[in-house]
Each structure stands twice: as C-alpha cells, then as structure tokens.
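J.: could you look at this predicted model? Sequence included:
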Protein chains: 2
Amino acid sequence: MKQTGDLNLVKKINKSIVLHHIRSDSPISRARIAEITGLTKATVSSLVNELIESSLAHEIGAGESSGGRKPMMLLFNGTAGYAIGVDLGVHDILAVLTDLTGKVVEEYRVQHDNASVEQVVGLLKASIRELIRRAPDSVYGIIGIGIGVPGICDENGNLLFAPNLGWENVPLQQQVEEEFDIPVVIDNEANAGAVGEKQFGAGKDTANLVYVSIGIGIGAGIIIKGELYRGATGFSGEIGHISIQHDGPKCRCGSLGCWELYASEHALLEKARIELGESADLESLLRMADAGEPAVSRLFERLSYYLGVGVVNIINGYNPDFIILGGRLARAEKWLMQPLQTVLEKRSLPHPREQLNVEFSSLGDRSTVLGASSFAIAKFFASTRVSVEHN
Amino acid sequence: MKQTGDLNLVKKINKSIVLHHIRSDSPISRARIAEITGLTKATVSSLVNELIESSLAHEIGAGESSGGRKPMMLLFNGTAGYAIGVDLGVHDILAVLTDLTGKVVEEYRVQHDNASVEQVVGLLKASIRELIRRAPDSVYGIIGIGIGVPGICDENGNLLFAPNLGWENVPLQQQVEEEFDIPVVIDNEANAGAVGEKQFGAGKDTANLVYVSIGIGIGAGIIIKGELYRGATGFSGEIGHISIQHDGPKCRCGSLGCWELYASEHALLEKARIELGESADLESLLRMADAGEPAVSRLFERLSYYLGVGVVNIINGYNPDFIILGGRLARAEKWLMQPLQTVLEKRSLPHPREQLNVEFSSLGDRSTVLGASSFAIAKFFASTRVSVEHN
DNA sequence: CTAAGTTTGTTTAATGAATTTACAAACTTT
DNA sequence: AAAGTTTGTAAATTCATTAAACAAACTTAG
C-alpha cells in the first residue's frame, strides 16, 4: 500500500536530507545545512546530533569564521561500515570492499571457467568471504553486498536468464544472503555500471545518463532524473536486441539484425576471424591496430559505425544528456571515438544532440563493482537509517 | 530545492491519499478508507470533512450495514469544476470540456488549413472560448487547460519543434495562459494519448504501457509505474526516428532508415501512390481493401510487418506490459492486427513478451484530448487542492 | 422483544517533530 | 572596549496524527 504521512516520515525525510548534505557537501556546518535546506537551525542541530550519535557523522573542528562565531564543521563518517561490490563476469569475478563513501579499500580478482553454477557461486562466496576477512573493524561492520550479473534479474534477486553464462533461474540473492546473513542486492551489470559512473565516474554531475556496456553482448543501464530506470518487469535495457536491420541475420533472441550482432566484442572477433583468416582476441587486435595493420583499423572503424547507429537509437529513444561507453570494448576507445562521433553528428536529431555528451568510461573495469557496492550502501541507508535519493 | 518534511507535508500527503480513494473507489465510507490506508478513523474523518467543506466530496446517504451501524457513503464531486482538453492536430483541432472525473460534457471540432501560426492559435483560442462559454456553473469553474501537440515541448510549455505543422519555438502555454488566465499544460500528443489510454482506455489496469501514435509521423508516450516517462530534456519518445535499417533511405532528421519512413501513414500513402499509380488517402485505401483489392491488402500487410519490427524494438528497449496502438492508422486495425501479432511472436524476446498485451486504441480519436484534460486536472489537484482552506 | 455484540464516526487527551523566539558563546570589526 | 555577526542550543508553542474512549446505529441470538 501507499505510504501515509506521519511524524515518523517527516523525521525520516529531514534526516535523509541532512545526511545527504553531510555526505555530499562536507565539510559543512549545521548553520549552513539549515540555510540551504530551509530547516530551522534547531531542527538541523537535533538531527545532526542523532547522526553523530549513530556514528554516521562527526565533528572535525572549527572552520573559518565569516564575521561571527566559528562554525563547527561536520564530516560524513565513511568508515562507520563497509560494503562489498561484486562484478560477476562471464570469465572472471571482480570483488571490492568499499567504505560507505564508495572508496575501494580492498580488491579481489579471480578467473573462472564457468564449469557449473555451483562452482562459480562457490568462487563468488569465497571472494566475498575473503573480503569480509580483510575488512577493518567498524561500528556497523559489513552492511551489504551488491552483485552485478550479466543477465536479467527480478526484484527478488533471482537471476532469471544469463545467456552468456548459460544460466537460468538461479536464486542468487537468497543463496548469498543465507551464506552470510547480510543484505544482498542483485542487479544487471549494466545497471550497476550506470550507477557506478553516475556516482564516481564521468556522469557525476548528470541527472540523465545511459551507460552502454559493450562486452560479449551489449547491455545498457539508464538513469533518469538521478534514478535508475528499470522496465516494467524490473529488468530493462535489453538494448542489444534492438534491430538495426529489419531483414538482417537471425539472432538467438528470435529477432533479426539485432544491434549486438554488429557492435559487440563477439561481433568484432567474429568479423576478425573471417577477414583476417585467423581467430584473435581483443588484446591482440588492439596490438595489431597499434602496429598499424590497416585491415584491423578498418575492423574497428566498421564497428564504430554500427556502434554509432545504435547509440543514435538510444539518443532518439531515451533522450539522455550523457552517454558513457563501457565494458571490455572501452579499451578500444582510441580507435572507436573519432569515427563514432562522426556518425553521431551525421545521424542524430538536432534537438536531443545539442546538450549531449558521449564519453568512454574512465573507471576502467570498475564501473560495475562500484555501482554494485553503491546499491548495497543505498539499501543500508534506505532500510536502517534514512532513505537516500535525490540530486 | 528539495521539499523538506513538516506537518503541512504530512497533511498534504494524507489528504491526497484520502481523496485518491474517494476518486477511484467510490462510493466508499470513512471507515473503509481508514481500513485500507492504515490511517486512523479520526484522521480520515477530519480530512474527509475538509474535503466536503471544499466541495470535492459529498455524502450520498447510508450504505449497507455489515453487522453494525450503517456507513455514510462518500462520492467524489466531479462537477466541482471543469477542465478543457485540446488535441492540436496537423489539419484539425479537437477540444473537449470534461468534468473532474474526465467525463466529456462538451465537444468542439474545427478544421484548419495551417496557413500561419497566428491563425491556428487563433482558432485554438476560439475553440477554448467556445467551451468556456458552454461550461456549466460550478464551484471552481474552469480549473485548467491541457493541450496535446504534434511535436516536442519543453517544461515551460514552449512548443520547440513540430515538423508536420512546420512550427518552431512557439510559446503556446504562455499565449493561452495570458488569454484566459487559467493554468495551461502543454505536452506531446503521444504523451497525452498514453495518459488518456491509461486513465480511460484499454490500459486502465496497467502500470506500464506504451502508446504508439501512428499518424503522419510516429510518436510514443511511455508510462512506467503509472507515471509518464519523459526523457532527459522533458521530451522523449521520438521513437519514430529509431532506425530499423542502418543503411536505409535518408530521413529529414539526419539519420537513415527511420521507423517512420516505413510504418507511418505518410509511408503508406507514399507506397500506395507508387504501387497503385495514383494518390489515395487512408479512407479510400480502407474502402479498397474492404472491396477486396489484393494490391491494397498487401500494402497494409507490408505496413504491419514494419510496424511489428518497431514494436519489437519498443518491447526490447522499454519492456512494457501493454502496447496500445493509436493515431489515425488505428482505423486499419482490421488489416494490421493479425500480421502484426505474427511478427511479434516471431521476433520478440521470450521474457518480455510473456505478459505483454498489444491492442489498438478503443478511444478512437479521443485518447489525446482525454489525456490533455487529465493533465489539467492533475495539475489542479497537485497545486490547488490541498491549500483550499481559509479562502 | 430484549440483550449482547458490531460497526461507524466523533471526541478528547497524548505524542512528538518542527517552528518560533530567545539567548549564550564565540568571533570580527570599528 | 563596544558594537555587530554568526553559530548553535534551549524553552515554549504549534499542529497533525495516534490512541483510547464513547455514543449512535444497526444486526443477531435467544
């Protein structure tokens, strides 16, 4: 049912607002918070003191006077607890331990051969266990685990379908929650990546962005007005299966001419195998391009073109003001960026484009883990203390 | 700045919840509202009495007892005020006067030849003036005007670009507001249509739907979790310009192979001209198809195919659970539905499709006006309703 | 037909979070 | 040193919700 209003809600809202400012505008004084929120100084004072009480904020001493008594500056206490973010990849697992600000303090990587679900989930749990072991002591301990997966999930944290892993219907959240008895959030790796970029990457100051993850397949995470947008059933952005050629080759999804048949890493390697007469991986293709092999540069150029076609569709369909390209293929930025820009300039509607920015991810392969950890932190603040939204 | 919490907000929230139930579950008793909202009987009683005070609800007598005192049933007072909804078309204007429940009480239609912006806006104002003249007396009078336009608008109600009208940068909201001194909302006709369908049409029980308006161009209105979704810049869903053939014919938008080049009314008529050797309008094509002309049926069949290709893109990209096809081409439902369904079954991902429904609009050409009027009503309740005390 | 139980809706007192007003402490400026 | 500013806390007030009590209106069991 819908949330009704009462004093509890009022306090929750205001505490959330106060904490938000301490988190994002720190160091900041009580008086300044009162000024920008419109709350009275008394209210802010009381809420801040409760936050200090619960170790989420602390005073760090007096600041500069502006003509009167010196303000007592407040800081968010990022080390009151720690979160774990995991990127469950098709061939490897990347897990990080972050503090409550999202800063990475420990990292753990492991390859897997994807032999069986049990084995991979076992490795996943082992990674988490290792990071828990390494976590510093803190007031709240490990407050949550976020996992980004290469597939679609439902709202209960079941991994419904992960084609590139070959998994179906794995109750991942339940399994991990039972193991560690810590709140777990599962979401698509592109959604996590979008949040990661929004929070820590190029999209920091943007309320509307699309993160396109170009790996073996293509996925997208869409953030509108600061919030992750999921489709009707909780998983959206199967954007790799938007057709860019209605009579193109058949895709395993049933449709024809899907974008991901043209612009994914898989598509690139396939084309390379055909045109170069031998199979190569992305790393060697990059080396060959660097060495000045024209056939390979042409491959990347062709890929950029198709990438651009799909990105134009995103622009026209979703109308973001920032597009961030990530995933494994982001390493080829050098070869992709310029031709991509050309396609966009030629093909996108003038109105949406005006204020549009396109960039490759600056977080390397960490977009997803950072976003996943961010999910865990958000859940902690939503359930325990206060709800966190806005911008 | 963000809204902080105080007692005012609490009351506003709860009053809004109570009114919502009176609007949608009426006739309903105070006790029942308390039961389903979780508010106490005392609170509900107090809020209901204020709503009655301000003429938005009234008592209609006792209902059936369920083993105790008979409940006093409440009704929403739909005639406390009236709203005007307008569909500004490329060749005509349709305007309606509705009560606060959205029920149409007066209608006004007029053709226009789109000679100049001034002339058409003049006709628009005349239509509104006529409906205001015809409006019954009421407590609040005309509470707002909503206008659906065939183009993209910004949040200030400026019509930025309407290609099929040939208009650019018309401050429509301002012009109409100045004329009548009544709050005005401007939005895209497809957005309005989506809201109309959600409120009064096939999409009543659906939280996630896409309304595709297939007219001279193609537009879409997207509703996610009951709310209209607009892109970053306040106008989204230029879905007609998603490319379904990356190397297709050039579109005026700059891209190639846009959907609307294949599946709009304009595309159909163009194809008809070429294949039949003479130009015809939609109405005559429908007559010819009814008369059994195989060349014409083939035209519709071909159109359905392209329609399907784009709809599959919508399904994969937005993941709605209801798609409603409206606009002028909805009249061809008979010829389009079956082949369209075939394409969808063949081409869409299994997961999204499972719970998907596709239907043609049942509101005829009224989806947009009803949605537009609904915008006006929503604006009234969002701004005025709660602060109607102590006038 | 009466007594007991139920349901509805109002009244009254209590709760608690924010606001308003006042004020002390700590600065800067003149 | 006096005057003015700024910060943060304290006390009193406000007000919407809740909780508890209750009267009115109705049904049902015996």
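T.: Sure, I can see it.

J.: just the closest residue of chain A to DNA strand D, please.
T.: Closest approach between chain A and DNA strand D, counting by Cβ to the nearest atom of the strand: A:G68, at 1.8 Å. Quick note: C-beta positions are derived from backbone N, CA and C, even for glycine.

J.: where does the stretch 201-350 of chain A dip in pLDDT?
T.: Residues of the stretch 201-350 of chain A meeting the criterion pLDDT under 70: A:231-237, A:317, A:349-350.

J.: rerun at 50
T.: Along the stretch 201-350 of chain A, the model assigns pLDDT under 50 to residues A:232-236.

J.: what about the residue of chain A closest to DNA strand D, neighbour count?
T.: Neighbour count of A:G68, defined by other Cβ atoms under 10 Å in any protein chain shown: 7.

J.: quick check, it in a helix?
T.: No: per DSSP: H, G, I helix; E, B strand; the rest coil, A:G68 lies outside any helix segment and is coil.

J.: phi, psi of it?
T.: Phi and psi for A:G68, reported as degrees, to the nearest 10, are phi -160, psi -160.

J.: check what pLDDT it gets.
T.: Listed pLDDT for A:G68 reads 89.

J.: before we move on, what about A:S387?
T.: pLDDT, A:S387: 37.

J.: just A:E359 next, same as before
T.: Looking at A:E359, its pLDDT stands at 94.

J.: and the helix or strand containing it, is it in reach of chain B?
T.: If you go by DSSP states H and E, A:E359 is part of strand A:357-360. No: legend: contact between strand A:357-360 and chain B by Cβ under 8 Å from any Cβ of the partner chain is lacking; minimum distance shown is 11.2 Å.

J.: using PDB, list the CA coordinates for the next helix or strand after that strand.
T.: Counting by DSSP H and E, the next helix or strand C-terminal to strand A:357-360 is helix A:367-380. Only the C-alpha atoms of helix A:367-380 are listed here, as PDB (Å, rounded to 0.1, in the frame of the first residue of the first chain):
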ATOM      1  CA  SER A 367      32.100   0.800 -13.100                       C
ATOM      2  CA  THR A 368      30.100  -2.300 -12.200                       C
ATOM      3  CA  VAL A 369      31.700  -3.200  -8.900                       C
ATOM      4  CA  LEU A 370      31.400   0.400  -7.700                       C
ATOM      5  CA  GLY A 371      27.800   0.600  -8.700                       C
ATOM      6  CA  ALA A 372      27.100  -2.800  -7.000                       C
ATOM      7  CA  SER A 373      28.600  -1.600  -3.800                       C
ATOM      8  CA  SER A 374      26.600   1.600  -4.200                       C
ATOM      9  CA  PHE A 375      23.400  -0.500  -4.300                       C
ATOM     10  CA  ALA A 376      24.400  -2.100  -1.100                       C
ATOM     11  CA  ILE A 377      25.100   1.200   0.600                       C
ATOM     12  CA  ALA A 378      21.800   2.700  -0.700                       C
ATOM     13  CA  LYS A 379      19.900  -0.200   0.700                       C
ATOM     14  CA  PHE A 380      21.500   0.200   4.000                       C
END
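
J.: could you pull out the helices for chain A?
T.: With DSSP state H, the ranges of helices along chain A come out as A:7-24, A:30-37, A:41-53, A:117-134, A:172-180, A:189-200, A:260-263, A:265-276, A:282-290, A:294-318, A:333-347, A:350-353, A:367-380.
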